[in-house]
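**Student:** sequence plus the predicted model coming up.
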Amino acid sequence: MTRILDRRAVLGILAGGAATFTALPQALAQSTPTAAELLERLGADPSMVIAPDARVSVRELTRRRDLRRIAPSVDVQSINFAFGSARIPPREIWKIDEIASAMRQLLRRRGRELFLIEGHTDAVGSNEANLRLSRARARSVADELARSGIPNNAIETIGYGEEDLLVPTQRADWRNRRVTLRRVTDLVIGY
């Protein structure tokens, strides 16, 4: 006989440890864009056209959220960084391979591209520690992309710490521990 549980019964079972959430890893795997989807997103035109004489340096771009938001981007929150860690779990390297595949196709198609990898953290910890950690996360992804054949001169990295939370909370929320990949070629001087 099938028993339908109300909310209180489900919470009691979860609190008692009789059930666990196994759907999260599966949901993350399903939410990871394929190389074709990444290619479509990153290969899109910027939301606004920037005249060549209005383009900025990479340094200025990293300081200007308004300009960064124009660039085609992908939030890579499906790489689940552990709390306080910049290490990409080995079981998630295939996600970097999908990103690298899309980036290689764009580089072949256009010849020259510049991608900005932004590291992010949740709001737990000091601003200084989160800034360091976010930089390390961006660098970790950039290093894996380089191992996958993406030239170093096509990648810039920056860390924003807890400055740009996806989920506005002061708690440790895994969704804030992420990287954002932006194709910034059309915004930067010299491209």
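**Tutor:** Yep, that arrived. Numbering: from 1, shown residues only.

**Student:** CA only for contacts and neighbour counts going forward, please
**Tutor:** Fine.

**Student:** pull out the buried positions in stretch 149-165.
**Tutor:** Ile150, Ala154, Ile155, Glu156, Thr157, Ile158, Gly159, Tyr160, Gly161, Glu162, Leu165 (16 or more other Cα atoms under 10 Å).

**Student:** redo those as CSV? Include secondary structure, distance to Asp75 and pLDDT.
**Tutor:** Conversion of the buried residues of stretch 149-165 to CSV gives the following (DSSP: H, G, I helix; E, B strand; the rest coil; distance: Cα to Cα, whole Å; pLDDT from 0 to 100):
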residue, secondary structure, distance to Asp75, pLDDT
Ile150, coil, 19, 98
Ala154, helix, 18, 98
Ile155, strand, 16, 98
Glu156, strand, 16, 98
Thr157, strand, 14, 98
Ile158, strand, 14, 98
Gly159, strand, 14, 97
Tyr160, coil, 14, 96
Gly161, coil, 15, 93
Glu162, coil, 15, 93
Leu165, coil, 12, 89
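
**Student:** neighbours of Arg147, how many?
**Tutor:** 13 (other Cα atoms under 10 Å).

**Student:** can you tell me how far it sits from Asp186?
**Tutor:** Distance, Arg147 to Asp186, by Cα to Cα, to the nearest Å: 25 Å.

**Student:** with Ala100 instead?
**Tutor:** In this view, Ala100 and Asp186 are 20 Å apart by Cα to Cα.

**Student:** okay, how far is it across stretch 161-176, tip to tip?
**Tutor:** Stretch 161-176 has an end-to-end distance of 10 Å (Cα to Cα).

**Student:** and it, how far out from the chain middle?
**Tutor:** In terms of Cα atoms, centre = their mean, to the nearest Å, the centre of stretch 161-176 is set 13 Å apart from its chain centre.

**Student:** and if you look at stretch 173-187?
**Tutor:** Using Cα atoms, centre = their mean, the offset of stretch 173-187 from its chain centre is 4 Å.

**Student:** what's the end-to-end length of it?
**Tutor:** Stretch 173-187 has an end-to-end distance of 32 Å (Cα to Cα).

**Student:** residue contacts, the closest residue to Leu131 other than its chain neighbours?
**Tutor:** Spatial nearest neighbour of Leu131, chain neighbours left out: Gly161 (4.0 Å); criterion: Cα to Cα, 6 or more residues apart in numbering. By Cα atoms under 8 Å, 6 or more residues apart in numbering, the contact list for Gly161 reads Gly119, His120, Thr121, Asp122, Asn127, Glu128, Asn130, Leu131, Arg132, Leu133, Ser134, Arg135.

**Student:** good, wrapping up.
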